[in-house]
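S.K.: below are the sequence and a predicted model for it; my questions follow.
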Amino acid sequence: MKFNLSSTALSSRLLTLSRVINSKNSLPILECFLFEVSDGQLTITASDSENVMRGTLNLENCEGEGNFAVKNHTILDAVKELPEQPLTLEVNFDEMTIYVTYQNGSYNFPIIGADEFPRVQPVSDNATTITLQAENLSESLTRCLFATAQDELRPVMNGIFFDLKEEALAIVATDGHKLVRNKNFAIRTDVPASFILPRKPASLLKNVLSKDGGDVVIRFDERSAEISYSEGNLSCRLIEGKYPNYNSVIPLDNPNQVTVDRRTMVGALRRVLPFASDSSQLIRIHVSTGLLELNAEDIDFATSAKEQVTCGYGGSFMSIGFRGASLLDILNNLEGDEIIIQLADPSRAGIIVPSTQPENEDILMLIMPMLLND
């Protein structure tokens, strides 16, 4: 079997797929890429047994068909340093060797039989289907990933919740201290359905979809999901369990609204945060007419800092405390120049939203307050 393809295209696809492979695997074959050549196409698969990712490449010239596996480090090291040029790959199944020829040289290394590579169980016939734009999904995953938990006792919190209802698709993540909810009103259904996507496949998708301009089709049942995009597809096992009622923690009426420049707020927070206590990272926020003040203090080391930022606010004076790192994460994962911070009182969660919402979307981030002792 012999075929030709671009060195850059192969290297790029292998690098993307290599993120699926774990450093330690239960089966030796999972350290390999599976290559399948058929109908003038090369399909490359990587798996960690729970997540299976495939990418396809069109072949310029192809003689014969077949399947084989190659150690991921071997093939990656062979092609990643090559400049853009055509490669010729010739597979000898009698010798179980692959020969890679390029402009000024060649490689050869052993291949492994493809029969050992685990096969994916397809989702059931009654699976629910969602179709959405790759860009929208990538942006939603990017906003949500930082808010997922790493909680062994509550594994449902470790993923991103897709909640498809009659009025919209909500994509949600929370760790109990902060929460992100993205609503897409262009996607709705007559039959509500939901699933929890684990953090690893969400991260894999975020990276691959950022360069993808097409549509994404998600098919899911109670146990697994198949996610198809223009360059390939991802199959993964879902997190089983009941996701907490995220709507119940979102305040419906936070009357005190502070409008502030997001980048100015981020800069001030970065300057003040190093002076907060390492253990609590408490940042005190005081808002008064036209002014927002950030305060940090570490009593143990006798350090403190404060900075004032101009804002749009006409309410009464108010103080509230937030964990600085969580607040910074939220501000960094919002787009746009201006944000609105909606507050009620020092004991209730703060809501942070962009001043201008994207078309057909509603983006909301929530942060729980910290107790102020003064």
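M.R.: Okay, I see it.
S.K.: average pLDDT across stretch 222-237?
M.R.: Mean pLDDT, computed over stretch 222-237, is 93.
S.K.: how far is that stretch from where the chain is centred?
M.R.: Centroid separation for stretch 222-237 versus its chain: 14 Å, with CA atoms, centre = their mean, to the nearest Å.
S.K.: do stretch 279-298 as well
M.R.: Per CA atoms, centre = their mean, the centroid offset for stretch 279-298 relative to its chain is 30 Å.
S.K.: mind giving me the packing neighbours of the least confident helix or strand in the chain by mean pLDDT?
M.R.: Sorting the helices and strands of the chain by mean pLDDT, DSSP states H and E puts strand 62-63 at the bottom, at a mean of 90. When contacts are defined as 3 or more CB pairs under 8 Å, 6 or more residues apart in numbering; DSSP states H and E, strand 62-63 packs onto strand 2-6. Just so you know, the C-beta spots here come from the backbone N, C-alpha and C atoms, and that holds for glycine as well.
S.K.: can you give me how far the strand it packs on is from the chain middle?
M.R.: For strand 2-6, the distance to the chain centre is 32 Å (CA atoms, centre = their mean).
S.K.: now do stretch 331-339
M.R.: With CA atoms, centre = their mean, you get 18 Å for stretch 331-339.
S.K.: repeat that for stretch 213-231.
M.R.: Stretch 213-231 has its C-alpha centroid displaced from the chain centroid by 14 Å (CA atoms, centre = their mean).
S.K.: stretch 112-123 now?
M.R.: 26 Å.
S.K.: would you mind measuring the gap between the ends of it?
M.R.: 28 Å (CA to CA, to the nearest Å).
S.K.: buried set for that stretch?
M.R.: For stretch 112-123, the neighbour count (16 or more other CB atoms under 10 Å) marks Ile112, Ala114, Phe117, Val123 as buried.
S.K.: nearest to Leu331 among these?
M.R.: Val123 (37.6 Å; CB to CB).
S.K.: chain neighbours aside, what residue packs nearest to the residue nearest the centre of the chain?
M.R.: Residue closest to the average C-alpha location in the chain (CA atoms, centre = their mean): Ser203, at 3.6 Å. Distance criterion CB to CB, 6 or more residues apart in numbering; nearest residue to Ser203, sequence neighbours excluded, is Leu145 at 6.4 Å.
S.K.: got a list of what Ala193 touches?
M.R.: Thr128, Leu164, Phe220 (CB atoms under 8 Å, 6 or more residues apart in numbering).
S.K.: ditto for Glu166
M.R.: Arg188, Thr189, Asp190, Pro192.
S.K.: ok so, going back, nearest to Leu137, of the buried residues of stretch 112-123?
M.R.: Closest approach to Leu137 among those (CB to CB): Val123, at 18.0 Å.
S.K.: can you confirm the closest one is in a strand?
M.R.: No. Per DSSP: H, G, I helix; E, B strand; the rest coil, Val123 lies outside any strand segment and is coil.
S.K.: who wins for neighbours among the contacts of Glu166?
M.R.: Neighbour counts for those, by other CB atoms under 10 Å, peak at Thr189, which reaches 15 neighbours.
S.K.: SS state for that one?
M.R.: coil.
S.K.: leaving out sequence neighbours, find the closest residue to Tyr107.
M.R.: Val100 (4.4 Å).
S.K.: reformat the buried residues of stretch 112-123 as CSV; add pLDDT, distance to Arg284 and secondary structure.
M.R.: What follows is the buried residues of stretch 112-123, written out as CSV (pLDDT from 0 to 100; distance: CB to CB, whole Å; DSSP: H, G, I helix; E, B strand; the rest coil):
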residue, pLDDT, distance to Arg284, secondary structure
Ile112, 93, 60, strand
Ala114, 90, 60, helix
Phe117, 90, 56, coil
Val123, 89, 49, coil
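S.K.: may I see these arranged in TSV, with distance to Arg263 as well?
M.R.: Listed next are the buried residues of stretch 112-123 as TSV, based on distance: CB to CB, whole Å:
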residue	distance to Arg263
Ile112	51
Ala114	51
Phe117	48
Val123	43
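S.K.: show me the two of these that sit farthest apart.
M.R.: Every pair of these checked by CB to CB; the farthest is Ile112 and Val123, at 28.2 Å.
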